[in-house]
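Undergrad: sequence plus the predicted model coming up.
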Amino acid sequence: MKIKLVAVSMLVLVVSLGAFSQANSNSKGRIPKGAKLFIAPMPDSFDTYIKAAIDKKKVPVEIVDDKSKAQYQITGASESQKAGAAKKILALDWRSTEEASIQVANLESGEVVFAYSVHLQSSNHGKQSSAESCAKHLKDHIR
């Protein structure tokens, strides 16, 4: 009897979670394919890395140079820390540590519809790697 009760409870939970995730995937916060995005200038020219990563990862959006023509805006920041002497000598690792974060906001409503942060301890390609990680996760968020 207890096994049947647990099995039924698990089934109800799975069905509820499926309905919840389906409701969230249809939320207004999603970015539609073909949306027009403006990439705001960022420190250390991270915006140029984001533009290149969006193109490389084939994110289905249109990048515009004029904010007034955009539906969404990407803002963000990045930081690089070159390997120190200890890391080079003890770990034989010359790669940098990269941190980056981006936000995508709906320009009409002001709602932040996507945010992502990445920390790469030993980045092979510096800012390029962190920008590509941001673009990959952005692509997953577009419906």
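TA: That came in fine, so what should we check first?
Undergrad: okay, now the unreliable bits of this structure?
TA: Counting by pLDDT under 70, the chain contains low-confidence residues at 1-29, 81-97, 120-125.
Undergrad: same thing but at 80, please
TA: Counting by pLDDT under 80, the chain shows low-confidence ranges at 1-29, 80-98, 119-127.
Undergrad: which parts of it are strands?
TA: With strands called from DSSP state E, the chain shows them at 36-39, 62-64, 72-81, 96-106, 112-123.
Undergrad: so what strands line up beside the fourth one?
TA: Right, the one you point to is strand 96-106. Strands flanking strand 96-106 in the sheet, each with its direction: strand 72-81 (antiparallel), strand 112-123 (antiparallel) (DSSP bridges).
Undergrad: can you list the domains in the chain?
TA: In the domain annotation for the chain, the residue ranges read 1-30, 33-141 (automatic domain parsing).
Undergrad: for Ile142, which of the strands of the chain is the nearest?
TA: Closest approach to Ile142 among those is made by strand 112-123 (8.8 Å; CB to CB). C-beta: built from backbone N, CA, C; applies to glycine.
Undergrad: identify, out of the strands paired with strand 96-106, the most deeply packed stretch.
TA: Neighbour counts averaged per stretch over the strands paired with strand 96-106 are highest for strand 72-81, at a mean of 18; criterion: mean count of other CB atoms under 10 Å.
Undergrad: keeping just the C-alphas, turn that strand into PDB.
TA: Listed in PDB are the C-alpha atoms of strand 72-81, where the atom choice follows Å, rounded to 0.1, in the frame of the first residue of the first chain:
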ATOM      1  CA  TYR A  72      16.700  44.300 -26.600                       C
ATOM      2  CA  GLN A  73      19.900  45.600 -25.200                       C
ATOM      3  CA  ILE A  74      22.900  43.600 -24.000                       C
ATOM      4  CA  THR A  75      25.000  45.100 -21.200                       C
ATOM      5  CA  GLY A  76      27.900  43.500 -19.400                       C
ATOM      6  CA  ALA A  77      31.400  43.500 -18.100                       C
ATOM      7  CA  SER A  78      34.400  41.300 -18.000                       C
ATOM      8  CA  GLU A  79      37.600  40.900 -16.100                       C
ATOM      9  CA  SER A  80      40.900  39.100 -17.000                       C
ATOM     10  CA  GLN A  81      43.600  38.100 -14.600                       C
END
